[in-house]
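Peer 1: Next come a sequence and a model predicted from it.
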Amino acid sequence: MTDNPIVETLQAPSAVFFIFGATGDLASRKLFPAIYSLYREGKLAEDFAVIGVARRPRTNEEFRDNVHESIDEFCRYKIQPGEDWNKFAQHFEYKSLDINNVDGFRELREQTEGLEQKFSIPGNRLFFLALAPELFGSVSLNLREGGMMDGQGWNRLVIEKPFGYDLESARKLNTELAQVFAEDEIFRIDHYLGKEMVQNIEVIRFGNAFFEPLWNNQHIANVQITLSETVGVEERGGYYDHSGALRDMGQNHMLQMLAMIAMEPPSRLLPEDIHDEKVKVLRSLRPYLTAEEVDKNVVRAQYTAGSAKGKELPGYREEDKVDPESNTETYFSARVFVDNFRWAGVPFYIRTGKRLPVKTTEIIVEFKRTPTNVYLGQRHNLEPNLLVIRVNPMEGIYIKINAKKPGSDSEIQPLAMEFCQSCMIGINSPEAYERLLEDAAQGDSTYFTRWDEVAAAWSFIDHIDHAWKQHPSDVKSYPAGSWGPEETHQLLQQDGFHWWPVNGQDEDNVIWQANSR
Ligand SMILES: NC(=O)C1=CN([C@@H]2O[C@H](COP(=O)(O)OP(=O)(O)OC[C@H]3O[C@@H](n4cnc5c(N)ncnc54)[C@H](OP(=O)(O)O)[C@@H]3O)[C@@H](O)[C@H]2O)C=CC1
Ligand SMILES: O=C1O[C@H](COP(=O)(O)O)[C@@H](O)[C@H](O)[C@H]1O
């Protein structure tokens with residue numbers, strides 16, 4: 001049922017999609033809308049089914065109403081007046097069960113077989129775990145014990161982050177999953193890898209002749225990755241207070257983006273080859289083994305009360321379900337080194353935080369300056385060239401270059417050569433969860449994380465966390481609505497650099513770049 005002529009209509013194989021945690025936030029905000037968008041674009045096989053699973057009692061009709069509401073509220077496609085809603089909704093059923101009770105899985109098996117018969121689905125089953133991580137191990141064991149793996153087709157497990165709390169717990173979880181699923185059946189989600197512009201990094205780098213020769217320590221001065229959020233912890237205080245920014249964003253999204261920027265070109269674009277290259281980067285991260293090294297290279301902070309857009313905002317310790325004496329970091333920044341031939345000596349600065357002034361994700365590659373400034377005699381300081389990849393919410397890339405100011409004799413100004421994808425594609429740019437669900441159904445693991453990548457990332461993060469645990473109260477503070485603690489600037493100043501403005505704005509919100517919104 002595609003109404004968009006430019007989308008590819010390669011359909012995913014016919015399968016049953018199980019959403020474990022079907023009454024939860026992720027299912028409602030992301031998963032049901034993603035399934036509907038795939039349906040609207042003709043990317044789902046005609047013969048598909050969805051079974052929502054959670055403890056709360058729901059009839060199939062009530063569940064379908066929930067799905068309708070979630071699509072109304074969160075989907076980029078709207079249900080059309082006069083559209084045959086039931087044609088879509090009849091594919092959805094609900095099963096109330098407790099993950100820890102294997103009998104429920106046996107009943108689920110009967111229900112599944114009934115649906116497979118009804119829609120002529122050849123036994124392909126995709127299990128999406130939108131559940132608290134503590135339940136991941138039990139659900140996979142009970143899938144096997146309850147006979148859910150005995151269908152005639154393939155079985156795939158799609159698993160949400162966080163994958164473990166540290167390397168040890170991640171290993172334990174992986175061992176539990178490996179008792180039931182082979183590595184190529186496990187699809188570990190990092191939803192940043194589903195984002196259009198993160199996937200585009202590969203094409204920008206490997207599809208253009210002029211970047212690759214410059215993509216090394218001879219020509220790149222530093223790389224800056226910013227993932228800033230305006231929201232606080234919202235209703236996720238219980239989870240976040242045990243996680244913090246380093247685990248919530250650092251171990252996964254930020255290191256994955258760094259790996260995409262730093263990896264070697266794979267000889268083939270097969271999932272295994274890309275994973276191989278990324279894991280080499282993650283294993284080359286210089287570990288910070290002592291508290292002194294961590295102090296010198298990593299900054300952590302927590303937001304206090306502040307304001308944004310004229311609205312008063314509470315401090316982190318006043319948030320719902322947060323320990324009033326919590327030392328959990330809501331912000332971190334780090335100077336990271338990739339110790340290999342290509343990147344020796346090039347700092348990668350990464351920062352992320354909640355309650356910052358703008359919602360944006362940007363990767364800025366700062367090039368080294370020209371060998372000499374021939375305009376110095378005319379008192380012109382040339383700015384370095386930048387390549388800026390805008391990931392979220394604006395999507396696009398621009399290159400900042402120096403050019404003569406039109407009409408002037410000698411004045412030089414920085415300007416942006418820009419490709420603004422969101423200006424062109426607008427709301428039709430697929431959401432990350434659509435791509436990832438589709439890829440998992442197709443069996444393509446390129447934009448999921450392989451176990452050795454997850455392990456290498458934890459190994460790097462664990463050293464920082466161990467150092468922090470020695471001095472838990474050593475966390476800096478920043479007012480909500482500000483750009484983080486002062487110390488974050490020192491990270492770059494020690495190398496003679498500074499954070500470039502993101503979102504096309506400097507810290508006084510002066511817009512210097514055309515398509516900033
Ligand atoms: N929400 C988000 O934006 C994001 C979430 N995630 C991850 O996704 C996962 C789910 O998050 P979220 O949707 O926010 O969590 P919620 O707390 O909103 O939902 C949890 C779901 O699990 C079900 N559940 C809990 N215990 C059991 C049980 N014993 N048996 C069966 N079902 C159970 C709940 O339903 P019921 O109470 O009816 O049993 C509910 O449907 C987590 O791992 C989270 O870290 C990751 C990135 C973003
Ligand atoms: O994984 C997570 O990501 C979101 C930010 O995702 P985005 O796509 O909106 O940039 C973050 O808010 C959340 O804390 C974290 O768990």
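Peer 2: Sure thing, it's come through. Ligands and ions are numbered 1, 2, ... in the order given.
Peer 1: tell me what the worst-scoring helix or strand of the chain on mean pLDDT is packed against?
Peer 2: Of all helical and strand segments in the chain, the minimum by mean pLDDT, DSSP states H and E falls on helix 421-425, at a mean of 74. In terms of contacts (3 or more C-beta pairs under 8 Å, 6 or more residues apart in numbering; DSSP states H and E), helix 421-425 is packed against strand 396-404. All C-beta atoms are positioned from the backbone trio N, CA, C, and that covers glycine.
Peer 1: if we go to 10 Å?
Peer 2: Packing partners of helix 421-425 (3 or more C-beta pairs under 10 Å, 6 or more residues apart in numbering; DSSP states H and E): helix 196-206, strand 386-392, strand 396-404.
Peer 1: now those as JSON lines including distance to residue 282?
Peer 2: Output for those, formatted as JSON lines (distance: least, C-beta to C-beta, whole Å):
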{"stretch": "helix 196-206", "distance to residue 282": "16"}
{"stretch": "strand 386-392", "distance to residue 282": "19"}
{"stretch": "strand 396-404", "distance to residue 282": "24"}
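Peer 1: quick one: which of the ones you listed is nearest ligand 1?
Peer 2: Ligand 1 lies closest to strand 386-392 among the helices and strands packed on helix 421-425, at 13.8 Å (C-beta to the nearest ligand atom).
Peer 1: In the chain, which residue is most central in space?
Peer 2: Centroid check for the chain by C-alpha atoms, centre = their mean gives residue 192 as the closest residue, at 2.3 Å.
Peer 1: which parts of the stretch 101-250 of the chain sit against ligand 1?
Peer 2: Selection of the stretch 101-250 of the chain residues close to ligand 1 by C-beta under 6 Å from any ligand atom yields 130-133, 135, 160-162, 239.
Peer 1: could you redo the last one with a cut-off of 8 Å?
Peer 2: Within reach of ligand 1 by C-beta under 8 Å from any ligand atom, the stretch 101-250 of the chain has these residues: 129-133, 135, 160-162, 189, 191, 236, 239.
Peer 1: Derive a PyMOL selection command for the buried subset of those residues.
Peer 2: Per 16 or more other C-beta atoms under 10 Å, the buried members of those correspond to this PyMOL selection:
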select buried, resi 129+130+131+133+135+160+161+162+189+191+236
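Peer 1: Which ones among the residues of the stretch 101-250 of the chain next to ligand 1 map onto strands?
Peer 2: residue 129 (DSSP state E).
Peer 1: winner for burial among the helices and strands packed on helix 421-425?
Peer 2: A comparison of the helices and strands packed on helix 421-425 by mean neighbour count, using mean count of other C-beta atoms under 10 Å, puts strand 386-392 on top with a mean of 21.
Peer 1: Just the mean pLDDT for that strand, thanks.
Peer 2: For strand 386-392, mean pLDDT rounds to 94.
Peer 1: For that strand, name the packing helices and strands.
Peer 2: helix 196-206, strand 220-228, helix 255-262, strand 360-367, strand 396-404, strand 412-420, helix 421-425.
Peer 1: With residue 305 as the reference, name the closest of these.
Peer 2: Residue 305 lies closest to strand 220-228 among these, at 18.8 Å (C-beta to C-beta).
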